[in-house]
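[1] I'd like to go over a predicted model; first the sequence, then the structure.
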Amino acid sequence: MNTRRLARETVLKALYAREIGHHNDEHILETIIKPAHKEDKESLDFASKLYLRTVATAGEADEQIKAHVANWEIDRLATIDRMILRMAVCEMLTFEDIPPKVTINEAIELAKKFSTGKSGRFVNGILDATLESLVSQNRIVKKGRGLIDKSSNTRKEFDG
C-alpha cells in the first residue's frame, strides 16, 4: 500500500478519535499517529503535518464544504465523510506539492473504504465543486511540474 495512503488512513482515524473522544492533539499524535508510522519517518512527518493542518484549518474547510452542500447542515453529514472532506480541503489549501487530482482520488478511496456505499460519489462531487471554487478564487497554490494550470480561468490538471 502507498505510504501516503496509509498515512491518510491513519489521519482519518486520528481525526475521528479527536471528534468522538475529544482527546487533545498531543494524545492523538502519541497514541495513534506515531505508533502507526514509527518505522517510516517520511510517512510519520506527512501524517503529523496532515493531522495538525487539518485540525487548524477545520473551520475554513467547513466553510468551503458548506458552500457546496445544498440544503444540508455540515453537522448532519456522516462524521467520516466530514473528516475526509476536511482533510482533502486542507491538502488542497496547504500542501503545495500534492496535485488536487491526487487529493480528490485519495479522498474518494477513503470514503469507499471507511464510509457508506454512496460516500465516494458524494465526496467526489463536493470536492470537485470546492476545487473549482478555490481555483476561481486563486486560493490553490501548487508548485512543481504538472500540478495545476489556472490559465484562461479554467481548471486543467495534468498527470505529469
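    Received the coordinates, thanks.
[2] where along the protein do the helices fall?
    3-21, 25-28, 34-36, 41-56, 58-66, 79-94, 100-114, 119-136 (DSSP state H).
[3] measure residue 74 to residue 125 for me?
    15 Å (CB to CB, to the nearest Å). All C-beta atoms are positioned from the backbone trio N, CA, C, and that covers glycine.
[4] likewise for residue 28?
    In this view, residue 28 and residue 125 are 29 Å apart by CB to CB.
[5] swap in residue 53?
    24 Å.
[6] more neighbours, these two?
    Of the pair residue 53 and residue 125, residue 53 is the one with more neighbours under other CB atoms under 10 Å, namely 17 against 12.
[7] tell me the pLDDT at the closest residue to residue 40 other than its chain neighbours?
    Residue nearest to residue 40 in three dimensions, not counting chain neighbours: residue 3, with 6.1 Å by CB to CB, 6 or more residues apart in numbering. Here the pLDDT value assigned to residue 3 is 88.
[8] any idea how many residues pack against residue 3?
    14.
[9] that one touches residue 44, doesn't it?
    No: the pair residue 3 / residue 44 is not scored as a contact, 9.8 Å apart, by CB atoms under 8 Å.
[10] please report how far residue 126 lies from residue 2.
    23 Å.
[11] so between these two, which is more surrounded?
    Taking other CB under 10 Å, residue 126 and residue 2 do not tie; residue 126 has more neighbours (23 against 10).
[12] residue contacts, that one?
    65, 68, 69, 85 (CB atoms under 8 Å, 6 or more residues apart in numbering).
[13] wait, which of those residues is closest to residue 131?
    Set against residue 131, the nearest of the contacts of residue 126 by CB to CB is residue 68 (10.0 Å).
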